[in-house]
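Peer 1: With the sequence up front, the predicted model follows.
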Amino acid sequence: MRRAALVAAALAVWGGTARAEPARAGPAGRVKRFAVVIGNNHSGRSDTRDLRYADDDAVAMHQLLAQAGVDSSLFVNLDAESRQLYPGLRSAGRPRWSALRARLDRIEAEIRAAGRAGVHTSLLVFFSGHGDVANGEGYVELEDAHLSRTLLRSGILDRTSASEVHVVVDACRSYYLAFEKGAGGHRRRAAAGPLVDRGRARIGYVLSTSSDRESHEWEAFQGGIFSHEVRSALRGAADVDRDGRVTYAELGAFLAVANRGIRNARFRPDFVVRPPAELTDELLGWSGAAQALLLDLPGQGHMVLEGPGGERVLDVHPLDGESLLVHLPGVRPLFLRRADGDREFTIPAQPGTATLRLSSLGAGPVRVASKGALHLAFSQLFSAPFGVLDVVRYREAIASAPEPEPDAAVSADADLGGGRATARRLTGATAIVAGVAGLGLAGWAIERSAEADRAEQSRRPDLNATVENARLAAGISLGVAASAAVVYWLLGDDDPDQAGLAVMAGPGAGGVYAITLSSFW
């Protein structure tokens, strides 16, 4: 009864009741949507390896947006493998600031013209690639420049006349591209309320990390984990009321549920979803041009949609008893299968845009067997079902705690990056070696002091001098050990799986100091 009441309340909030047929209407009013989509595998840093799928993520997002009726401009330099996958792809240019700035000027002219005609305008900026932090602010890497927080604001956000802007970034440390670092390297708490840039556009952010964290790619997705999840959500896997609109509330709840099954926090995507004003703000709406599939079978479980070349289009896991409407890409045939099953549904070419029902399709054996074991952590993605109650709970949680507390373990050095683990190992080793040396010197000083008490008067000055030197060296070593231990702790994280090493010392039998090294988990 309680679940039914909550579902009814949620549908009442959205202003509708449960429908037997999915709604295909787009957002109310006239909306003109524009997008710039950027993907860059390459890093200009010698200590950073190129990515494999940032270009593929950009292409997939560009194709999705174009299919949804968005005037999308793609900036990408495909690697050799991706050029074979997309032989006829046309892009607006390479991922360079010079090319991006010229296209933004053209888009701005169209946005202003639409605004004069009374049309609501939307600009979506998507980036997939390398990101980092320098001089206290985040940036993402283009081929010819760093698109920093300052440049993003001055070159894009402050210049556009769009009614609203949506910034979607899949990159390491993407939080700092939107928000600031506070004193000591900690992330500064973002102000509450809508994000308005100089009275022009309302700004919404969808970021792959909420702190000094890495973003991950996975070969099974042939893309970034976060990018694939966002695309799945935008194709309808998050649209629990099936109105053709994906809101920030639906996206945020979907991401939270999709990643719930990953137990290791280091691999769990740590995202930020910040709407321009309200959680009901729309990130994307479908005009009805794309054919859709209604998932209307009971006990559907975690479903995977693949294209004709085996490319993974989306993952979806409807809550049992609920149905979702997913918008299909134009290529055919498509294949829908349970993630843990051996049967799949084939979606053939069919004229028109009428909604297909999964219950009307026949299932057959899966075409290709799994190629070995999937990554243990990432295979738990989408293990939890997603439904209308998750959106309700997400909105309630955001309302009661609109912004999380700043991370307590963010590195004080903004540029540690991938060297953080190495630095922690070095400081840990320093603490152990210096601690052992200090305790050994302290024990030796005690022994020399006892010998001095028993020695002849003529030898006591030399022995006492030796004791003082040993005590001084012991104090210095123990001070170094303590300092290194503090740095080791500051460089740590909250991962319960992190192993460590403890040094314990105390008086043993006969007054001799005993030193014990022990591991802990």
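Peer 2: Received it, and whenever you're ready, just let me know what you need.
Peer 1: quick one: low-confidence parts of the stretch 51-200 of the chain?
Peer 2: With pLDDT under 70 as the threshold, the stretch 51-200 of the chain has low-confidence stretches at 181-200.
Peer 1: Tell me where it has strands.
Peer 2: In the stretch 51-200 of the chain, the segments counted as strands under DSSP state E, counting those that start in this stretch are 71-76, 120-129, 131-134, 137-141, 146-148, 164-170, 195-197.
Peer 1: Distance to residue 471 for those strands - can I get that in a markdown table?
Peer 2: (Each C-beta comes from the backbone N, C-alpha and C, glycine too.) Formatted as a markdown table, the strands of the stretch 51-200 of the chain follow (distance: least, Cβ to Cβ, whole Å):
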| stretch | distance to residue 471 |
| --- | --- |
| strand 71-76 | 65 |
| strand 120-129 | 55 |
| strand 131-134 | 43 |
| strand 137-141 | 48 |
| strand 146-148 | 52 |
| strand 164-170 | 55 |
| strand 195-197 | 59 |
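Peer 1: and those as a markdown table, adding mean neighbour count and distance to residue 322?
Peer 2: Below are those laid out as a markdown table (neighbours: other Cβ atoms under 10 Å; distance: least, Cβ to Cβ, whole Å):
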| stretch | mean neighbour count | distance to residue 322 |
| --- | --- | --- |
| strand 71-76 | 22 | 31 |
| strand 120-129 | 26 | 28 |
| strand 131-134 | 22 | 36 |
| strand 137-141 | 24 | 37 |
| strand 146-148 | 21 | 40 |
| strand 164-170 | 26 | 26 |
| strand 195-197 | 16 | 32 |
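Peer 1: between those strands, which gets nearest to residue 431?
Peer 2: With Cβ to Cβ as the measure, strand 131-134 is the member of these nearest residue 431 (26.6 Å).
Peer 1: Quick check: which of the strands of the stretch 51-200 of the chain is nearest to residue 53?
Peer 2: Across these, residue 53 has its closest neighbour in strand 120-129 (7.9 Å, Cβ to Cβ).
Peer 1: What about residue 296, how many residues nearby?
Peer 2: Residues lying near residue 296 (other Cβ atoms under 10 Å) number 16.
Peer 1: And residue 354, by the same measure?
Peer 2: 10.
Peer 1: How about the secondary structure of it?
Peer 2: coil (DSSP: H, G, I helix; E, B strand; the rest coil).
Peer 1: Next up, the contacts around it.
Peer 2: Applying Cβ atoms under 8 Å, 6 or more residues apart in numbering to residue 354 gives the contacts residue 291.
Peer 1: what residue is smack in the middle of this protein?
Peer 2: The centroid of the chain falls nearest to residue 208 when counting by Cα atoms, centre = their mean (2.4 Å).
Peer 1: got any ranges where the protein has weak pLDDT?
Peer 2: 1-29, 181-201, 210-223, 353, 367-381, 401-427, 452, 455-463, 487-521.
Peer 1: Which elements pack onto the helix or strand where residue 390 lies?
Peer 2: Residue 390 is located in helix 388-400, with elements delineated by DSSP states H and E. Under the contact definition 3 or more Cβ pairs under 8 Å, 6 or more residues apart in numbering; DSSP states H and E, helix 388-400 sits against helix 2-13, helix 248-258.
Peer 1: Ok, which of the strands of the stretch 51-200 of the chain comes nearest residue 482?
Peer 2: strand 131-134 (28.7 Å).
Peer 1: who's in contact with the closest residue to residue 329 other than its chain neighbours?
Peer 2: Leaving aside its sequence neighbours, residue 329 sits nearest to residue 313 (Cβ to Cβ, 6 or more residues apart in numbering; 6.0 Å). Residues counted as contacts of residue 313 (Cβ under 8 Å, 6+ apart) are 231, 235, 305, 306, 307, 329, 334.
Peer 1: I'd like these as TSV, with distance to residue 271, secondary structure and neighbour count appended.
Peer 2: Putting the contacts of residue 313 into TSV (distance: Cβ to Cβ, whole Å; DSSP: H, G, I helix; E, B strand; the rest coil; neighbours: other Cβ atoms under 10 Å) gives the following:
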residue	distance to residue 271	secondary structure	neighbour count
231	14	helix	23
235	18	helix	28
305	22	strand	24
306	25	strand	18
307	26	coil	15
329	24	coil	19
334	27	strand	21
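Peer 1: which one's the longest helix in the chain?
Peer 2: helix 420-454 (DSSP state H).
Peer 1: Which neighbouring elements make contact with that one?
Peer 2: Using 3+ Cβ pairs under 8 Å, 6+ apart, helix 420-454 is in contact with helix 460-490, strand 500-507, strand 513-520.
Peer 1: Going by residue numbers, what spans are helices in the stretch 201-350 of the chain?
Peer 2: 225-232, 248-258 (DSSP state H, counting those that start in this stretch).
Peer 1: who wins for proximity to residue 176 among those helices?
Peer 2: When the helices of the stretch 201-350 of the chain are ranked by proximity to residue 176, the top entry is helix 225-232, at 15.9 Å, counting by Cβ to Cβ.
Peer 1: residues of that closest one that come out buried?
Peer 2: Neighbour-count burial for helix 225-232 flags 225, 226, 227, 228, 229, 230, 231, 232 (criterion: 16 or more other Cβ atoms under 10 Å).
Peer 1: before we move on, what about stretch 242-258?
Peer 2: 242-258.
Peer 1: likewise stretch 46-53?
Peer 2: Buried-residue list, stretch 46-53, by 16+ other Cβ under 10 Å: 51, 52, 53.
Peer 1: Contact partners for the nearest residue to residue 342 once chain neighbours are set aside?
Peer 2: In space, residue 342 comes closest to residue 366 once its chain neighbours are excluded; the distance is 5.3 Å by Cβ to Cβ, 6+ apart. Residues counted as contacts of residue 366 (Cβ under 8 Å, 6+ apart) are 337, 341, 342, 343, 344.
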